[in-house]
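**Q** Here is a sequence together with a model predicted from it:
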Amino acid sequence: CSPPRRQYPIIEKQIERLDRAFAKVKEDLKDGEEYDDSGPSEARDFAIMRLVEMGEAEAAHRLAKLWGRAFIYDDDELAKLAKKRKEKYLQWGDTSVGSQTVAPDVSSDPALFLVEFEAMLQSDPDSPIGFDCEFGDEGTQGV
């Protein structure tokens, strides 16, 4: 799942906010207090790596260039990162996780949701749990 193109400026703005926050911390320090200025650099590396993991190498390259970061496009490394991400996150087509072999029915009844949630927890307490929630204007009351 890749972020819509309009979200890339949001990444840039968040990094700018982070830069301002670190500058303010540095400005507010008293003489002699230590300051670790690696935060903005680590945030940039984190953003670039997340984009690469999502298969958005072009966006990662663009931001790396904008931020003066080194970026090497390596197909093998990208394949490893994509595999790692697929193992880490539930994929759209996955219908079997842990002991849950079929995707549950859509529910808009809070009481039923709580019953099913408890049953899911009891069936396999160590398995990961994720939810896909949508809210609409259909007038239904739900969880």
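**A** Done, it's in. Residues are numbered from 1 along each chain as shown.
**Q** which other helices and strands contact the helix or strand harbouring E27?
**A** Assessed by DSSP states H and E, E27 sits inside helix 8-28. Applying 3 or more C-beta pairs under 8 Å, 6 or more residues apart in numbering; DSSP states H and E, one finds that helix 8-28 makes contact with helix 39-53, helix 57-67. Quick note: C-beta positions are derived from backbone N, CA and C, even for glycine.
**Q** one more time with 7 Å, if that's ok
**A** helix 39-53 (3 or more C-beta pairs under 7 Å, 6 or more residues apart in numbering; DSSP states H and E).
**Q** what comes into contact with the helix it packs on?
**A** The contact list for helix 39-53 (C-beta atoms under 7 Å, 6 or more residues apart in numbering) reads 11, 15, 18-19, 22, 59-60, 63-64, 67, 69, 71, 78, 81, 85.
**Q** Now the two most distant members of those.
**A** Farthest apart among the contacts of helix 39-53 by C-beta to C-beta are F22 and L78. That separation is 29.9 Å.
**Q** Name the residue in the two with the higher neighbour count.
**A** Shown here are F22 and L78; by other C-beta atoms under 10 Å, F22 has more neighbours (18 against 15).
**Q** per-residue confidence for the more buried one?
**A** Looking at F22, its pLDDT is 89.
**Q** same question, H61
**A** Value listed for H61 in the pLDDT field: 88.
**Q** what's near enough to touch it?
**A** H61 neighbours (C-beta under 7 Å, 6+ apart): F71, Y73.
**Q** Now do the SS call for L121.
**A** Here L121 is recorded as helix under DSSP: H, G, I helix; E, B strand; the rest coil.
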